[in-house]
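Colleague: Just to be clear, the model below is a prediction. Sequence and coordinates:
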Amino acid sequence: MTEKQLPLSLLGNCIRCRALLLPLQEDNEEAFRRRFELLSMVDASAALTAPTDNQRNSVRAYCRWGESVALRCLPADQNVIELYQQHRLHFDQVDTSTLELDLNALSAWHISAALALRRPSLQNPVKLAAVRYASKVFGKKMKKTARPMMKWMMAELVQMIKTCKNDAIGWHDRVCLEALSLAMLRKGAAAAIRLVRTDPNDPLSFDIEKSDVIIMTHPTLGKYIRLSIHTDKNAVPGRPRYAYIPAYTRIGLNFVADLTYYLTAFPVPDGFLFAAPYNKHGKSFRSTPYTQWDAVVHRAYNRAFPNGKKVVASHSCRKSVIQAIFNSGLSEAKLGDIVGWLSVKSTVLRYYASLSIDNALTIVAGICDIVILGDTTTTVAPP
């Protein structure tokens, strides 16, 4: 039984009870028809998993709709499914992602019914080409657009980071904001970064082979942090993307010093680098990946700008720094390399040249806001 299939015991019991204990293996087509007619009642979805399961609610809603329009809902056919798609999109005005979940629940019902009744020939209308094509078209044409995450200036970012408190939670928020911004990480990639050390008594003894975070020293640019990103939207298996963060930046942020203090002042265990502390004292940490990245940005933004009305989230950090680098006139090929995009216009440079560590450190170290006022160009210094 796969994840998309429902428990056969529950479904089988429901069928036997409603078909007056008729055997599941029955050559009589009349008995087979009776089973399905009884199973098509509104409360037939009681065969679905737990009461809190979303699939149960989806099938119940579908059955109620079938009764309201006098159509046999289960087992469904192509025409009924297509009518239900139109009803959900135009009458209920749900998003296409919600409609996709409803169709997955109906598909799971038909898969489990075919197994429980030992009728592999039972058609699953959700898998038909016409229904799948309609779902694909709806997803492209009728997908509700999300509110765009607003960007901020680098001076605003510095002000947000400076509002973090001087405790375990505050320092955790600080290093999270700096990593999201200076490494231009998506929250899923940041959450998956692992910390592995060779000496349990030395908080900075990083395992070069296993740890995704390492503090290294450049011969001319000094100390920097190298982050290995294995889990990302554009990640290539076996080929991690590296993000380099120097100790010195023009906006005044020193991620090397901040992360060093965070790891030495608090007992951060091996595992996920950004695992959250249980409380502000930081005596113990969670063992699971951190998931409240948007909440970190919301807290910092509300502290720095109590009356601010920007729509911000964790991706705003990445967008803001990319915009600042783009304003500096960096070529698209280098920008794509340092950000981690797989597709840029300058495909030749993208696939045949790679940005060096020296350039990556120099670019991130020189991040600042450039504002063009008339015929003059002004560099906005951080507060």
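Modeller: Perfect, thanks for sending it.

Colleague: Low-confidence ranges, the stretch 201-350 of the chain, go.
Modeller: 234-235, 309, 342-350 (pLDDT under 70).

Colleague: Show me where it has its strands.
Modeller: Secondary structure of the stretch 201-350 of the chain (DSSP state E, counting those that start in this stretch): strands at 213-218, 222-229, 241-246, 271-272.

Colleague: wait, which of these is closest to residue 263?
Modeller: strand 213-218 (9.2 Å; Cβ to Cβ). Just so you know, the C-beta spots here come from the backbone N, C-alpha and C atoms, and that holds for glycine as well.

Colleague: Centre of the chain to that closest one, how far?
Modeller: Distance of strand 213-218 from the chain centroid (Cα atoms, centre = their mean, to the nearest Å) equals 28 Å.

Colleague: So which elements touch it?
Modeller: strand 222-229, helix 255-265, helix 357-365 (3 or more Cβ pairs under 8 Å, 6 or more residues apart in numbering; DSSP states H and E).

Colleague: If we go by neighbour counts, what in the longest one is buried?
Modeller: Within helix 255-265, the residues that count as buried by 16 or more other Cβ atoms under 10 Å are 255-256, 258-260, 262-263.

Colleague: Show me the contact partners of that helix.
Modeller: 171-172, 174-175, 178-179, 182, 203-204, 213, 215, 223-225, 245-247, 268, 282 (Cβ atoms under 8 Å, 6 or more residues apart in numbering).

Colleague: Run the chain-centre distance for it.
Modeller: 27 Å.

Colleague: Please apply the same query to the shortest one.
Modeller: Averaged C-alpha coordinates place strand 222-229 at 24 Å from its chain's average position (Cα atoms, centre = their mean).

Colleague: Neighbouring strands - and their directions - for that strand?
Modeller: Strand pairing for strand 222-229, using DSSP bridges, gives strand 213-218 (antiparallel), strand 241-246 (antiparallel).

Colleague: which residues touch that strand?
Modeller: 179, 183, 185, 189, 192-193, 212-218, 235, 240-248, 255-256, 259, 340, 361.

Colleague: Mind checking which of the residues you listed are buried?
Modeller: 179, 183, 185, 189, 192-193, 212-215, 235, 241-248, 255-256, 259, 340, 361.

Colleague: and the closest residue to residue 207 other than its chain neighbours, what pLDDT?
Modeller: Spatial nearest neighbour of residue 207, excluding adjacent residues (Cβ to Cβ, 6 or more residues apart in numbering): residue 196 at 4.2 Å. At residue 196, the model reports a pLDDT of 93.

Colleague: Could you do the one 4 residues further on as well?
Modeller: Here, the pLDDT recorded for residue 200 equals 86.

Colleague: give me the number of residues near it?
Modeller: 9 (other Cβ atoms under 10 Å).

Colleague: Tabulate the helices and strands packed on strand 213-218 (JSON lines), appending distance to residue 60.
Modeller: Converted to JSON lines, those look like this (distance: least, Cβ to Cβ, whole Å):
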{"stretch": "strand 222-229", "distance to residue 60": "42"}
{"stretch": "helix 255-265", "distance to residue 60": "49"}
{"stretch": "helix 357-365", "distance to residue 60": "53"}
